[in-house]
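Undergrad: Here you go, sequence then predicted model.
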Amino acid sequence: MATTATAHVTKSWSGGKSPFNVEYGKLMMWYFLMSDAFTFGAFLISYGTIRFSTNGWPDPNEVFKSFPFAPEGANAPLVFVSVMTFILIISSVTMVLAVQAGHNMDKKGVTKNLIWTIIGGIAFLSCQAWEWNHLHHEGAWWGSNPFLNHDGTASTTNFTNYFFTITGFHGFHVLSGVVINIVMLIMTLTDKFEQRGHYLMIEKAGLYWHFVDLVWVFVFTCFYLI
Amino acid sequence: MSNEAVLHAHATTEVHHDAHGDHHGEHHHHETFITKYVFSQDHKMIAKQFLITGMVWAVLGGLMSVLFRLQLGYPDSTFPWLEDILGKWAAGGKITPEAYYALVTTHGTVLVFFVLTAGLSGTFANFLIPLQVGARDMASPFMNMLSYWFFFAAGIVMLSSLFVETGPFSGGWTAYPPLSALGDASPGSKTGMDLWLISMALFVVSSLLGGLNYIATVLNMRTKGMSMTRLPLTIWALFFTAILGVLSFPVLFSGFILLIFDRNFGTSFYLSDIFINGVGALPNEGGSAILYQHLFWFLGHPEVYIILLPAMGMVSEILSVNSRKPIFGYMAMVGSLFAIAILAFLVWAHHMFVTGLNPFLGSIFVLLTLLIAVPSAIKVFNWLTTLWRGSIRFTPAMLFAIGFVSLFISGGLTGIWLGNSALDIHLHDTYFVVAHFHIVMGVASMFGMFAGIYHWFPKMYGKQLNNTLGYIHFWATIAGAYLIFWPMHYQGLAGMPRRYYDFSAWESFNQFGDLNRFISTVAMVVFAVQILFLFNFFHSIFKGRKLTNPNPWESNTLEWTTPINPGHGNWVGEIPEVHRWAYDYAKDGKEFIPQTTPVGADESQH
């Protein structure tokens, strides 16, 4: 029976092994990311629904036009957030390099690139902290929106409500990612992965990190570009 | 390259684990009371923890329904003993309106989430997945343990909400804003609602941890030869249930986060143009209460199938085993489970036909909703054809499985009514809806759960349940279920709204006074019979007849190849290899052929 031709075709699904050739942890990570994608999806669709049903919305070019140490009244729309986005994307690149180094059992490479990724994550969070702080000083917070609509009329507080909730939720994910990466770094430095003979944990952390980056692309588009 | 190495490394640890399992099969000297019964990582013990916690909640939730049925059946009477147990919530021996709404709300939340989600799939996914796919344990026993303890914590928070001064949440189990968002709107929307949200958030975490584990175990940990199409239908059902949970609970979670902000941080996600008596106009503008309903029902409808699918899977298995016949249309059963899982995500707005939903959009949701009748009918016909000309063994489990089919048909038919947006205008929020979902989802799944408990009790505890008590339990419960919920259809057709505290003020509903009293009386009797079942369950754990045959139902599936009281690791020695599907009953003149039996040279094809 097992030696027939059809049995060979379906062998990967016939039990006794993983059909995708991955261990359970990575499988779980993929399903978790799908689940988390639904969380963010629900947030962004809610945001879209409310925005679509609201008359008028602030112009992101007017709201996000400042950067640290800028002179009063500087007009640099979206410059700062572009820097933030760039930092996050570069941190994804260093994460890829860390995973790659893990494949080659290169402890030094893993350590170096993980450190860069952690720095990138912390830099992104610091930028976000500065931006939140700056907006807060301008009077923006949950339940208060000082910005005006495109046409100069008073705007809904849901602009800031959604901005702080969703970027906050994303920032929380980045923070978790940084913590995970720090744990990975400690495990690397204490030779945990060398003993196990593989750096697969780095790969799983990498999946999470790339996902958080990908989500930022959508969050960025929804709040800063559209 | 490294992936290969890992898989290899994994295989080596497996072997190591095997040896460990052998060890356990012989003596348990490693385990303390704490690691064996409390913080256990053995899927079988975690399943029992889920089951017994679920039972505690079922008793509490059921007792709540008895209390509010007391109010509905006897709106003019007072019961001084109620004041003794409920204090100010039943001042003068009559349940207050606030307490009534709190009871209805908590009954719904507890039964839907704690009993029929955690109690049902928590129990049977944990118990059956490793045993039936042929694995030593779940993919991650530690996450599995966490899943239970998050559920436990959710329960503690929910329980504590019953004791706060302003009472538990009382705005209905769906927690629609603005009522749920504004503490000033009702006493139950104050601290009780905060605790409700915390409890539900913990529950979502528990469900996610459990679901990821179930999926990974089914995909990755099947024993040699156990291809997906050789899986028992229980596993298919639990697998789809887990996927539904993993994809729908996060949306509810998002909805709750927005609700938390509306409650505590001055946002207006769900709030707009509200005036509260005694408080005045609120500043909130621009939100949409309907948005919450979309987010809620995007979970809420898949949740119905999260509750129903495990029951369907177990019923399929039990019907086949006790009819001594292969399940009819195995692939059609899998396909219809899949179709239901997909459609589950596409029908949520049928809960919202009267919210001002665009009628055109409504008609699309009508179509998608009625489409569910197709896979549902496939399943029903396959169950009936499995029974057809079988040599049926009427064990209590079998009776409950047949009862499930009966209830699923009865409740499913009224679903076709409610799925029509035009009919729904009349029937929405009436007792017709109450009758429909209690029969098709509540009682039917409860029957699936009972069937599962009666069928797998011998595997869980190595003892037999008392059959006579089982038969009394079944007949009283099925008769009671129909006597309680059948009349509610008439009440609903007559326009009697659900969730009302007292109908005696309406001349048109006075005709139902006797009927309400009747329903309440039956509800109390049925509740008492469930206590009888619990007595049977707990008494049999300690004093039940000892199991002598490791395969008491002469079943094909893998769990019956383990020792009567399997240790952590399930099988002594190697995990058996699987050579056939799970439904070779009455084949080639043989009564049953276990999955572990190699296919004979001259065996006919199935």
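TA: Looks like it arrived, so ask away.
Undergrad: Every contact and neighbour count from this point should use C-alpha atoms.
TA: Will do.
Undergrad: Would you mind listing the residues in contact with the residue in the stretch 301-450 of chain B that chain A sits nearest to?
TA: In the stretch 301-450 of chain B, no residue comes nearer to chain A than B:Phe345, which is 12.1 Å away by Cα to the nearest Cα. With contact set as Cα atoms under 8 Å, 6 or more residues apart in numbering or on different chains, B:Phe345 has these partners: B:Phe298, B:His301, B:Pro302.
Undergrad: Quick check: phi and psi on the one residue in the stretch 51-200 of chain B that gets nearest to chain A?
TA: Closest approach between the stretch 51-200 of chain B and chain A, counting by Cα to the nearest Cα: B:Ala139, at 6.3 Å. Note on B:Ala139: backbone dihedrals following degrees, to the nearest 10 are phi -60, psi -50.
Undergrad: That one: how many residues sit nearby?
TA: Neighbours of B:Ala139 under the rule other Cα atoms under 10 Å in any protein chain shown: 24.
Undergrad: if I read this right, B:Phe256 contacts B:Ile198, doesn't it?
TA: No: judged on Cα atoms under 8 Å, B:Phe256 makes no contact with B:Ile198 at a distance of 9.3 Å.
Undergrad: Neighbour count: these two, which is higher?
TA: Counted by other Cα under 10 Å, B:Phe256 and B:Ile198 do not tie: B:Phe256 has more neighbours, with 20 against 17.
Undergrad: which residues does the more buried one contact?
TA: B:Phe256 makes contacts with B:Leu197, B:Ala201, as judged by Cα under 8 Å, 6+ apart.
Undergrad: what do you get for the one 3 residues further on?
TA: By Cα under 8 Å, 6+ apart, B:Leu259 lies in contact with B:Pro177, B:Ala181, B:Phe269, B:Tyr270.
Undergrad: Also B:Phe39?
TA: Listed by Cα under 8 Å, 6+ apart, the contact partners of B:Phe39 are B:Met145.
Undergrad: ranges for the strands of the stretch 151-300 of chain B?
TA: Ranges of strands in the stretch 151-300 of chain B, per DSSP state E, counting those that start in this stretch, are B:275-276, B:280-281.
Undergrad: brain fart, the stretch 401-550 of chain B
TA: With DSSP E, counting those that start in this stretch as the criterion, the stretch 401-550 of chain B has strands at B:463-464, B:545-546.
Undergrad: Specify the stretch among those strands that is closest to chain A.
TA: The nearest among these, by Cα to the nearest Cα, is strand B:463-464 at 31.5 Å.
Undergrad: what about B:Tyr270, neighbour count?
TA: Counted with other Cα under 10 Å, B:Tyr270 comes out at 26.
Undergrad: Just confirm it contacts B:Gln293, I think it does.
TA: No: counting by Cα under 8 Å, B:Tyr270 sits too far from B:Gln293 to count as a contact (9.7 Å).
Undergrad: Low-confidence ranges, the chain, go.
TA: You didn't say which chain, so I picked chain A. Low-confidence segments of chain A, defined by pLDDT under 70: A:1-10.
Undergrad: nope, chain B please
TA: Applying pLDDT under 70 to chain B picks out residues B:1-30, B:606.
Undergrad: which residue is nearest the middle of it?
TA: Centroid-nearest residue in chain B: B:Leu116, 2.3 Å away (criterion: Cα atoms, centre = their mean).
Undergrad: Hmm, that one is touching B:Val304, no?
TA: No: the criterion here is Cα under 8 Å, and B:Leu116 misses it with B:Val304 at 9.5 Å.
Undergrad: Tell me the residues of chain A that contact chain B?
TA: Chain A comes close to chain B at residues A:1, A:13-19, A:21-24, A:27-28, A:31-32, A:34-36, A:38-43, A:46, A:49-50, A:54, A:103-104, A:142-143, A:156-158, A:161, A:197-198, A:200, as judged by Cα under 8 Å from any Cα of the partner chain.
Undergrad: Return the distance of B:Ala281 relative to B:Gly544.
TA: To B:Gly544, B:Ala281 is 64 Å away according to Cα to Cα, to the nearest Å.
Undergrad: Looking at these two, which one has more neighbours?
TA: A direct count of neighbours by other Cα under 10 Å for B:Ala281 and B:Gly544 places B:Gly544 higher, at 18 against 11.
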